[in-house]
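Undergrad: only the shape, not the letters, is given here:
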Ligand SMILES: O=P(O)(O)OC[C@H]1O[C@H](O[C@H]2O[C@H](CO)[C@@H](O)[C@H](O)[C@H]2O)[C@H](O)[C@@H](O)[C@@H]1O
């Protein structure tokens, strides 16, 4: 057969469908796992300035109820910060990139998967932040973050200074994660993926198929484990490796979550 049109090479991202609810397990078989910054919430100039759009908390509560409690936030933020953002509503959560976890949102019981950040390390990182008032040091207890969204020119100096600290403190087990205008310092050995694995060992999450949405480099450990868990993963703002589809922006994620509730 004569072929009139030479097929164009199709870029990987064009092969991916926009997320559809048809790919999802039914809500009563699903563990809903959601990243916060850049996924549920739009990015803000500083960590404290994020805003929960009207109605989002109600959508999350309704999904949580429909999933018999199996909805958790999976974040680099501390549990305390997550609660501050969504107050007065509380959710099950993995916090601090896997360093903390709370299965039951109605209790204060959180399991801690890592020691508090080393004091000497903290002081050295604080000294980096002191170089420029626009660099913010976020202390999450089990993890730290150096934010340079207000001082983008400082990015290279921050990473170089952190490398020097790593060489100076070889006995302190920490890892460096590049985030969005942030250099994250977290305990070695815990990741969002280790947190998700642990979460899925407990009711009401146990035995369910996970659905995870995330946007960042720090979410890639979770994208990577989804196939083994028979899960579904979506990224936001980019086509991350191994995901089933991606959203353009957090507003699309919020709309899609709301539509999931009213699906026929
Ligand atoms: O895992 P996430 O829930 O996505 O959290 C990742 C980090 O988010 C926060 O920082 C980022 O969001 C800020 C607010 O939009 C923004 O100002 C900053 O530049 C971003 O890096 C949070 O402060 C970190 O602790 C989280 O690890």
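TA: Great, that's in hand. Note that the structure is a prediction, hence the values are computed from the model and not measured. Numbering: from 1, shown residues only.
Undergrad: now the helices: where do they sit in the stretch 101-250 of the chain?
TA: Secondary structure of the stretch 101-250 of the chain (DSSP state H, counting those that start in this stretch): helices at 119-129, 155-168, 192-199, 220-225, 250-261.
Undergrad: so which of the ones you listed is the most packed in?
TA: Sort these by mean neighbour count, taking mean count of other Cβ atoms under 10 Å, and helix 192-199 sits at the top with a mean of 23. Every C-beta, even on glycine, is put in place using the N, C-alpha and C of the backbone.
Undergrad: so what does that one touch, helix or strand wise?
TA: Helix 192-199 is packed against strand 30-34, strand 71-74, strand 92-95, strand 100-102, strand 209-214, helix 220-225, with contacts defined by 3 or more Cβ pairs under 8 Å, 6 or more residues apart in numbering; DSSP states H and E.
Undergrad: most packed of these?
TA: Among these, ranked by average contacts under mean count of other Cβ under 10 Å, first place goes to strand 92-95 (a mean of 28).
Undergrad: and that strand, anywhere near the ligand?
TA: No - if you take Cβ under 6 Å from any ligand atom as the test, strand 92-95 misses the ligand, and the best it gets is 8.8 Å.
Undergrad: so what does that strand touch, helix or strand wise?
TA: Applying 3+ Cβ pairs under 8 Å, 6+ apart, one finds that strand 92-95 contacts strand 71-74, helix 79-86, strand 100-102, helix 192-199.
Undergrad: list of residues touching the first one?
TA: Same thing as strand 71-74. With contact meaning Cβ atoms under 8 Å, 6 or more residues apart in numbering, strand 71-74 is reached by 31-36, 40, 60, 63-64, 82, 91-94, 103, 192, 195-196, 199, 205, 212, 214, 219, 222.
Undergrad: what's the answer for stretch 174-182, then?
TA: With Cβ under 8 Å, 6+ apart, stretch 174-182 has contacts from 37-38, 43, 76, 97, 117-118, 121, 145-149, 152, 155, 159, 162, 166, 183-188, 216-218.
Undergrad: pull out the buried residues from these.
TA: The neighbour-count test (16 or more other Cβ atoms under 10 Å) marks 37-38, 76, 97, 117-118, 121, 145-149, 155, 162, 166, 183-187, 216, 218 as buried among those.
Undergrad: from the residues you listed, which are also near the ligand?
TA: Within those, those near the ligand by Cβ under 6 Å from any ligand atom are 37, 38, 76, 145, 147, 149, 184, 216, 218.
Undergrad: any idea what the closest residue to residue 144 other than its chain neighbours is bridged to?
TA: Distance criterion Cβ to Cβ, 6 or more residues apart in numbering; nearest residue to residue 144, sequence neighbours excluded, is residue 185 at 4.5 Å. Bridge pairing for residue 185 (DSSP bridges) gives the partners residue 144, residue 176.
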